Structure formats: structure tokens, C-alpha cells
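Participant: What would the 3D arrangement of this be:
(one chain, ligands or ions: 1)
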Amino acid sequence: MKTIAIAGAGAMGGRIGTQIQEAGYDVTLLDYWKEHVEKINRDGIEIQTETDTYHLDIKAKFPEEVNEQYDLIIILTKAMKSKEMIEVLNQRGAIKSDTAILTMMNGLGHDETFATVVPKSQIFLAVTMWTAGMRGPGQLLLEGDGTIELQRVDGVADERTETINQIFNDAKLNSHVSDNVFQSVWSKATLNSVLNPLCTILDKRIGEFAQYEQSREMITPIIEEIVAVADAKGIELNFDDLVKKVEGSYPDELQGLHYPSMHQDLHSGRYTEIDYLNGKIAQYGKEVGVATPTNALLTHMIHQLEMKYVEA
Ligand code: NAD
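Facilitator: Numbers count the residues shown, from 1 in each chain. All right, here's what the predicted structure looks like:
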């Protein structure tokens, strides 16, 4: 895979793109944020780590300017922008019949979105525990460690899976090939579907939420509904493991001191990914005949907050 595009080059796209370029690959960042793209082309991208701050020269362009084809496209927009992104790249002729389209966005249903444009044999899903932040246009904040696991969505073994895995490992992204990526995607989506809306609605850090003695009672119905919907869709999730996963993130040295990204999005006046978390559970629940009143209510509450913080 010689040509790699990162479609959606904010915090996470910036991390993945710059680390892959630093490993010696040809990477192009594609993004709609004008100041960001212009600054990267003018000054390079500024990377701040725990130990260092440095500049990296990397190509950046607007999706509408694309006039080449890529072997690998990694989509890292926010979930609600990914359909537009893949459609524009398709119109620009950027996608060949063997281009691998991979995403590690949070949430559910991305494979269905991409399958409206390319066959499933070209779609790869990944789950990452890496994090990343932005200090401004062209300025990345890259702290901590993480992992990636990936698989072709139809489960078929593919040389490209191994190649992408190798690229990620060359980029020190600590990657492995999964044999059940959907379980991991749903498991991470559960964590996000519990803590993102609750801490956003309550305006609390994760650790503050955890201090409430009956917090277990609040997270239980959300997780029960997700497990039931997953089960109806043939994805095996374990309720107790998921409770442990959520509660395991509570300590200060893990996630306790943080507001989840949904809180940050809302308070920056940006739409949230709620429709791809609890909203997707409610949608799937209707499709498979499983009641999801708690997830539906949380979705409505976040949409109400979007009216207040984004649309007002
Ligand atoms: P992000 O907000 O940093 O970037 C997403 C898009 O928004 C990019 O196109 C970016 O250029 C644009 N953008 C960001 N700030 C902007 C501004 N001020 N003005 C205009 N445009 C702006 O989002 P992200 O954190 O990179 O998330 C991308 C995907 O990765 C999401 O699905 C997210 O859930 C997932 N993810 C993120 C992290 C993380 O730590 N950041 C970790 C795991 C998964």
C-alpha cells in the first residue's frame, strides 16, 4: 500500500496520519477545516507529546481537491460526517476497486454507511484505545499509549488486513488483527453509550459520576438494552464484563478526571455522535423488536442539549 489518505484529520486522524508518515509512508491528510489545512501546508503540523514539541511536514488538502487514487483511506471524521466524506472521495475518483476503506471512529453502523458506496470486501473496521487532542488548527496533542485491532468487516481473511496491520505497527500504533472486531466495536460503543450521555447530561466528570452510590443502578438499564439488541443481531456481549469495563474506567488515574468527548463537543458548540451510540441502539432495537426506552430517552436528551448549545 503506497498511497494512504486520512479522511478527517482532526485529533485522531492527525495522530494516525502523522505516526504513519513518520514510519516512512506517503500520507495525505484530507479535511474541510480551512485554517487547519492552510496552516499545515504553510507551517507543517505541530506535535506536542509528553516529552517534546516538534513540526512535521505532511501533505494536506481539501477533499474536493483530490485528484489521485489511494490504496488505503482511513476515515476519521466525526461519525455524522463520514457519509459525505466517502461520497465526495468516490466522486473525485479516489477509490479504486481494491482500495481499502478503514475506520476507527467510535460508534456503530459505519460499515453500513460505507457499504452504500463500496462493497463490504473493501471495508475494514478497527477499534482503538489511542486518544488524541487538538490545541488549535495545525496543533496536535499526542499523549498516552493505545492499541488498535482491525478486521475486514465480512470476516474474510485478506492480505490487505495484514498489510494495514504492518503499517500500523511500523507506525508504533500497537496493532493486531482481530477475529471478532464487531464484539470489540460494540463493547467500546457500550462504554461510550453509558458515560458520554450520562456525564454530558449531568455535567460531571467520569469520577464525579462514579461517586454517586447508586451509579450502578443508572448504568444497568443502558447496558441491558445494548446486550439484548446485540444478541438479537448475533453479537455476543457479556453484561457483567461490560459493567466491569465501564466501572473500570472510573479511577482518577484512568478516565476519572476527564469529561467524555461528547461533553467537550457540546460545550464547544459542536454536534455529538449520539446517533451512532445510544441512537443507533434505539434504531436497531426497533428493527429487531427489542425495547430500548433508556437509550432512546438519552438520545432525545442529548438532542435537546444540542438545540441549546449548538443550534441556539
Ligand atoms: P475531531 O473533532 O478532532 O476531528 C473531527 C473533524 O472535525 C476533523 O475533520 C477536524 O478537522 C474537524 N474539526 C475539529 N476541530 C474543529 C474546529 N475547531 N473547527 C472546524 N473543524 C474542526 O475528532 P476526533 O477526536 O479526531 O474524532 C474522530 C473520530 O475518532 C470520532 O469518531 C471519535 O469518536 C473517534 N475517536 C477519537 C478519539 C480521541 O481521543 N480523539 C479516540 C478514539 C476514537
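Participant: mind listing what the closest residue to residue 207 other than its chain neighbours touches?
Facilitator: Nearest residue to residue 207 in three dimensions, chain neighbours excluded: residue 256, at 3.0 Å (Cβ to Cβ, 6 or more residues apart in numbering). In this view, the C-beta of every residue, glycine as well, is placed from N, C-alpha and C. Residues near residue 256 by Cβ atoms under 8 Å, 6 or more residues apart in numbering: 205-207, 210, 249-250.
Participant: Report the separation between residue 130 and the ligand.
Facilitator: 6 Å (Cβ to the nearest ligand atom, to the nearest Å).
Participant: Which residue, other than its chain neighbours, is closest to that residue?
Facilitator: Spatial nearest neighbour of residue 130, excluding adjacent residues (Cβ to Cβ, 6+ apart): residue 146 at 2.9 Å.
Participant: Report the two of the contacts of residue 256 separated the most.
Facilitator: Farthest apart among these by Cβ to Cβ are 205 and 249. That separation is 11.5 Å.
Participant: quick revisit: just the buried subset of the contacts of residue 256, written out for PyMOL, thanks.
Facilitator: To isolate the buried members of the contacts of residue 256 in PyMOL, using 16 or more other Cβ atoms under 10 Å:
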select buried, resi 205+206+207+210+249+250
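Participant: Just read off the phi/psi values of the residue lying closest to residue 175 once chain neighbours are set aside.
Facilitator: Distances taken as Cβ to Cβ, 6+ apart put residue 168 closest to residue 175, at 3.5 Å, once the chain neighbours are dropped. When read as degrees, to the nearest 10, the backbone of residue 168 gives phi -60, psi -40.
Participant: Likewise for residue 94?
Facilitator: According to degrees, to the nearest 10, residue 94 has phi -80, psi -20.
Participant: mind listing what the nearest residue to it once chain neighbours are set aside touches?
Facilitator: Closest residue to residue 94 apart from its sequence neighbours, by Cβ to Cβ, 6+ apart: residue 66 at 4.9 Å. Listed by Cβ under 8 Å, 6+ apart, the contact partners of residue 66 are 5, 30, 88-89, 92-94.
Participant: Residue 146 is in contact with residue 128, isn't it?
Facilitator: Yes. Assessed by Cβ atoms under 8 Å, residue 146 is found in contact with residue 128 at 5.8 Å.
Participant: Show me the helices in the stretch 51-200 of the chain, by range?
Facilitator: 82-91, 110-114, 159-170, 181-202 (DSSP state H, counting those that start in this stretch).
Participant: could you dump those to JSON lines with mean pLDDT, distance to residue 142 and mean neighbour count?
Facilitator: Output for those, formatted as JSON lines (pLDDT from 0 to 100; distance: least, Cβ to Cβ, whole Å; neighbours: other Cβ atoms under 10 Å):
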{"stretch": "helix 82-91", "mean pLDDT": "98", "distance to residue 142": "22", "mean neighbour count": "18"}
{"stretch": "helix 110-114", "mean pLDDT": "98", "distance to residue 142": "23", "mean neighbour count": "20"}
{"stretch": "helix 159-170", "mean pLDDT": "98", "distance to residue 142": "15", "mean neighbour count": "17"}
{"stretch": "helix 181-202", "mean pLDDT": "98", "distance to residue 142": "20", "mean neighbour count": "22"}
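Participant: Indicate which one of these is closest to residue 49.
Facilitator: Going by Cβ to Cβ, the one of those nearest residue 49 is helix 159-170, 18.3 Å.
Participant: if we can go back for a sec, who's more crowded, residue 146 and residue 128?
Facilitator: Higher neighbour count among residue 146 and residue 128: residue 128, with 24 against 13, using other Cβ atoms under 10 Å.
Participant: how does this protein divide into domains?
Facilitator: Taking automatic domain parsing as the reference, the chain has its domains at 3-179, 182-309.
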